[in-house]
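take this sequence and fold it.
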Amino acid sequence: MPLRTISVLGGVVQDLSTIVDRLPEDGETFTASSFTTQPGGQGANSAVAVYRLSRPNPKNSSKMAPAEEGAGEEVLDDDDLQVRMVGAVGTDDFGPPLRQNLMNCGVNVDGVQVMEGESTMVANIIIEAGNGANRILQFPGATHALMPSDFMTLESLGGGVAPDLVILQLELRRETIEQAIETAYRNGVEILINLSPPRYLMPEFYPMIAHLVMNEREATMLSDCDPQDIGDRTPWTDVAEYFLNLRVQNVVVTLGENGAYYSNEFGSGYVEAEKNCTVLDTSGAGDTFVGAYAAQYMAQKKKGQWDIEAAVKYGCKASACVIEHVGTLIPIPWADEIDIVRHPNEAEDDEMADHTDGI
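Numbers count the residues shown, from 1 in each chain. All right, here's what the predicted structure looks like:
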């Protein structure tokens with residue numbers, strides 16, 4: 001079978017994560033409980049998530065994970081699926097090691113430019129202990145040096161090869177993202193876009209989008225719907241219909257502890273979130289969801305199928321594994337690990353050794 005390619009356009013980022021008991025007041029200084037530096041970026045996280053969640057961990061002896069009773073779920077094993085990252089880093093101390101780390105994680109980085117005179121994108125993440133809620137401040141650096149002219153050909157979207165699916169976040173400039181969408185659509189390549197960080201696209205680009213994923217804040221902000229009219233569990237029909245009326249094919253709204261809502265021309269519904277999770281850090285959950293959803297979509301497409309509910313369920317399971325750890329990229333599970341009960345700090349030293357070479 002010919003090699004299939006998913007390309008991810010987005011940020012390759014150095015995460016600086018600080019855990020605090022509470023946010024400081026204006027002018028207040030107090031001691032944080034911990035600080036870590038880890039590889040991240042919505043684009044890079046999603047790329048690693050697609051790679052891992054489309055195949056079992058090669059270090060595990062079995063390719064079949066224990067599924068829930070009666071589920072009969074088979075572990076994805078798409079050996080013919082390659083993942084390529086497209087983005088930019090600087091020549092500072094962060095950039096080359098982050099690029100190398102993606103290579104160590106199995107992601108092709110031919111499309112990740114190392115830009116002279118530019119700084120690598122940095123994310124300062126403040127995490128509240130107890131609930132895992134986060135606030136993120138990003139400096140775009142080299143990521144915003146990528147211009148629309150860089151993505152005029154289909155091969156430019158895949159780091160030198162034509163991709164079968166393009167995943168986009170909004171870490172790049174809006175005009176650059178819109179050019180990438182137009183180029184992919186013109187060449188008949190499907191687009192999955194995560195509207196994060198939230199930023200408006202011109203209306204003419206929505207009909208070009210096959211899969212639209214966003215969280216509840218992004219969904220209400222970017223639609224005409226009043227957040228006061230949407231409760232935690234009331235139907236998100238109006239939000240979904242807003243984007244479906246713009247001719248997006250598949251719409252997914254992630255709802256944190258309430259799971260996710262999905263809708264397309266064939267139906268809509270909720271998927272419950274995983275239960276009994278110890279939440280330490282939610283900052284990588286959305287990126288992992290996107291990667292899992294994309295991996296499930298490509299596996300189904302290979303068989304000529306499409307069940308959006310199954311893809312959303314897979315995304316919710318994978319995200320639940322990530323929020324039990326601090327960090328965004330390192331905790332992402334493999335396809336044979338999302339049904340395994342995991343606990344915070346379990347095998348943490350081994351994971352760090354496996355995935356941070358060169359960091």
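
quick one, helices of the stretch 101-250 of the chain?
For the stretch 101-250 of the chain, the helices defined by DSSP state H, counting those that start in this stretch occupy 174-186, 216-222, 237-245.

any chance of these in CSV, with mean neighbour count too?
(Glycine included, C-beta is placed from N, CA and C.) Shown next, in CSV, are the helices of the stretch 101-250 of the chain (neighbours: other Cβ atoms under 10 Å):
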stretch, mean neighbour count
helix 174-186, 19
helix 216-222, 19
helix 237-245, 18
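
with mean pLDDT and distance to residue 336 as new columns, can these be given to me in TSV?
Shown next, in TSV, are those (pLDDT from 0 to 100; distance: least, Cβ to Cβ, whole Å):
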stretch	mean pLDDT	distance to residue 336
helix 174-186	97	31
helix 216-222	89	30
helix 237-245	92	32
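
which among those is found nearest to residue 112?
The closest of those to residue 112 is helix 174-186. By Cβ to Cβ, the value is 15.0 Å.

and the contacts of that closest one?
9, 146-154, 156-157, 163, 166, 168, 170, 172, 190-191, 193, 199-202, 205, 208-209 (Cβ atoms under 8 Å, 6 or more residues apart in numbering).

where does this structure have low pLDDT?
Residues of the chain meeting the criterion pLDDT under 70: 1, 61-74, 227-235, 326-328, 340-359.

picking that back up, can you go through the contacts of helix 174-186 and name the buried ones?
Among the contacts of helix 174-186, those buried by neighbour count (16 or more other Cβ atoms under 10 Å) are 9, 146, 148, 150-151, 154, 156-157, 163, 166, 168, 170, 172, 190-191, 193, 201, 205, 208-209.

just the ones of these in strands?
9, 166, 168, 190, 191, 193 (DSSP state E).

for the protein, which segments are assigned as strands?
Using DSSP E, strands in the chain cover 4-9, 13-20, 34-40, 81-90, 108-115, 121-128, 134-139, 165-168, 190-194, 211-215, 250-254, 260-264, 267-271.

partner strands of the longest one and their direction?
Just to be clear, that refers to strand 81-90. strand 4-9 (parallel), strand 108-115 (parallel) (DSSP bridges).

okay, these, which one's buried deepest?
When the strands paired with strand 81-90 are scored by mean count of other Cβ atoms under 10 Å, the highest mean neighbour count falls to strand 4-9 (a mean of 28).

just put the strands of the chain in a markdown table and tack on distance to residue 55.
Formatted as a markdown table, the strands of the chain follow (distance: least, Cβ to Cβ, whole Å):
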| stretch | distance to residue 55 |
| --- | --- |
| strand 4-9 | 13 |
| strand 13-20 | 24 |
| strand 34-40 | 20 |
| strand 81-90 | 8 |
| strand 108-115 | 15 |
| strand 121-128 | 27 |
| strand 134-139 | 29 |
| strand 165-168 | 16 |
| strand 190-194 | 19 |
| strand 211-215 | 21 |
| strand 250-254 | 23 |
| strand 260-264 | 23 |
| strand 267-271 | 23 |
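
so residue 196 touches residue 212, yeah?
No - between residue 196 and residue 212 no contact is recorded; they are 11.2 Å apart, counting by Cβ atoms under 8 Å.

the more surrounded of those two?
Taking neighbours as other Cβ atoms under 10 Å, residue 196 and residue 212 compare with residue 212 leading, 24 against 20.

so what's the more buried one closest to, chain neighbours aside?
Nearest residue to residue 212, sequence neighbours excluded (Cβ to Cβ, 6 or more residues apart in numbering): residue 248, at 4.7 Å.

do residue 36 as well
Nearest non-adjacent residue to residue 36, counting by Cβ to Cβ, 6+ apart: residue 17, 4.9 Å away.

that neighbour against residue 280, yeah?
No - applying Cβ under 8 Å as the test, residue 17 and residue 280 come out as separate, 10.6 Å apart.

looking at these two, which is more packed in?
Counted by other Cβ under 10 Å, residue 17 and residue 280 do not tie: residue 17 has more neighbours, with 23 against 20.

write down the beta-bridge partners of the more buried one, one by one.
residue 36, residue 125.

what residues are up against it?
Residue 17 is in contact with 35, 36, 37, 38, 125, 127, 281, 283, 326, 327, counting by Cβ under 8 Å, 6+ apart.

okay then, goodbye and thanks.
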